[in-house]
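Colleague: With the sequence up front, the predicted model follows.
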Amino acid sequence: MQTIERFTFGMGDRFGLQGKAQLQAVLNAHAKGIDLYPVWNKSHREHTIVGTRPDSLRAEADDAVSALKWNGSYYVDADHIRLETVDAFLAGSNFFTLDVADYVGETPATEDVSDWLKSVEPYFGQQQIEGLAQPLVLSRESAEVAAAKYLTAIAKAGELYRHIDTQKADSSFVTEVSIDETDQPQGPADIFYLLSMMAWQKIPAQTVAPKFTGRFNKGVDYVGNLARFEEEFHADLCIIRFAVNNFGLPASLKISVHSGSDKFSLYPVIRRLIREHGAGLHVKTAGTTWLEEVIGLARAGGEGLAIAKEIYAESLAHYAELTAPYSTVIDIDTDRLPAAESVAQWSSEQFVAALEHDVSNSEYNQHLRQLIHVGFKIAAKMGDRYLNALDEHAAIINQGVTDNLYRRHILPIFGQI
Ligand SMILES: O=C(O)[C@@H](O)[C@@H](O)[C@H](O)C(=O)CO
């Protein structure tokens, strides 16, 4: 097992050209004394939509690391993979996000249920967890309910972990278990049971991505009750510590926030709690970098702006197809999407104002931003026309990518922890 550092930051890059600009953001953090390590994540979903192969992410990361002379650890995350999709990721990845959310609710095998119940039985009753005001009330009944919900998912994660471990016998890697892309948030007892199931399956998880309360829509801010999120996040940190001390999970196990990018209102809460708990943290971003590409193109004007407008118009025309893979993590009010004909008349400033995540700007449109966030297939279809435009406007785009990650994400989350 490769032991992960306390603070890691996940960066997604749909088109594979921003690796250096992203790493520069992490270097800027180091210059400020923030001991942060880069993780490049790209999901099977993204590879399929863009038409790239997993090895391309390894090449991008290696290239950025050598160009910028980064000499710390770095990770290439096979993000949201399943047994059916993992093989192409084996060679290039040293971080695997086992996504078992789709199995939540599948009936578990009876022998698995009785086997797991034996391991969790000693905790039934009032379980006092350090840091929690109230004890967790655990029982055979509640454990059976949790088993009906999660045991198949975690058994699948175990199967997937063992497959990766066998295939990567010669190299070590980090394992994450993600159950975030589901509808129902996981409360403290759920997290307790989930972690005990991971231990039962002997998955040496070092990061775990639960589904928190509230909406984590792609590319836009958190929608939900901040106080409740805070309570939940605090409880999760306490339970993770308990699980490390009692279930034999790795000491490096930490929480992973699949932010969906840009959860600005949560960042101060997360930062404070991580500091108070002395805990570790992994935060994943992804599409925020691609949005910086579109913003940079729009800002450049001319053909860049024309491409940005075309991406919007085509995204609108292919709305159902583009939003389907992200249905649990977007909330777009189609009545708030401007007509393509109106957008076609916009200046650079108008387009940037609508797309850039600046809530103080009354022209900012979170519905348009979410649609473009999931609309990268349109740019992929443009092929060289899109890639050449990125190349032509690299200076302005790279600056935006670095600045966005460093100033809007890294500093508010990891600054002065
Ligand atoms: O778009 C994708 O498929 C991924 O990049 C994201 O879902 C990513 O895993 C994520 O959750 C970033 O917060």
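Modeller: Cool, got the structure.
Colleague: and the helix or strand hosting L371, average pLDDT?
Modeller: Using DSSP states H and E, L371 sits in helix 366-373. For helix 366-373, mean pLDDT is 98.
Colleague: got a list of contacts for it?
Modeller: With contact meaning C-beta atoms under 8 Å, 6 or more residues apart in numbering, helix 366-373 is reached by 217-221, 261, 287, 290-291, 294, 311-312, 315-316, 319, 322-323, 330-334, 336-338, 354-355, 357. In this view, the C-beta of every residue, glycine as well, is placed from N, C-alpha and C.
Colleague: Could you count how many residues lie near the residue nearest to S171 when sequence neighbours are not counted?
Modeller: Spatially, and ignoring its direct neighbours in sequence, S171 is nearest to N94 (6.9 Å; C-beta to C-beta, 6 or more residues apart in numbering). For N94, the neighbour count with other C-beta atoms under 10 Å is 20.
Colleague: How is the chain divided into domains?
Modeller: Following the TED database, one gets these domains for the chain: 7-287+408-414, 289-407.
Colleague: what kind of secondary structure is W40 in?
Modeller: Three-state assignment for W40 (DSSP: H, G, I helix; E, B strand; the rest coil): strand.
Colleague: Any quick PyMOL command for the buried ones out of the contacts of helix 366-373?
Modeller: Those of the contacts of helix 366-373 that count as buried under 16 or more other C-beta atoms under 10 Å are selected in PyMOL with:
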select buried, resi 217+218+219+220+221+261+287+290+291+294+311+312+315+316+319+322+323+330+332+337+338+354+355+357
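Colleague: Please tell me how far stretch 299-308 is from the chain's geometric centre.
Modeller: Centroid separation between stretch 299-308 and its chain, computed with C-alpha atoms, centre = their mean, to the nearest Å, is 29 Å.
Colleague: How about stretch 352-359?
Modeller: With C-alpha atoms, centre = their mean, you get 22 Å for stretch 352-359.
Colleague: Please say whether there is contact between the host helix or strand of V269 and the ligand.
Modeller: In the assignment (DSSP H and E), V269 maps to helix 267-277. No. Helix 267-277 stays clear of the ligand (C-beta under 6 Å from any ligand atom), getting no nearer than 13.3 Å.
Colleague: show me the contacts for the residue nearest to S171.
Modeller: Taking C-beta under 8 Å, 6+ apart as the test, what N94 contacts is 2, 75-76, 171-174.
Colleague: low pLDDT regions in the stretch 101-250 of the chain?
Modeller: Residues of the stretch 101-250 of the chain meeting the criterion pLDDT under 70: none.
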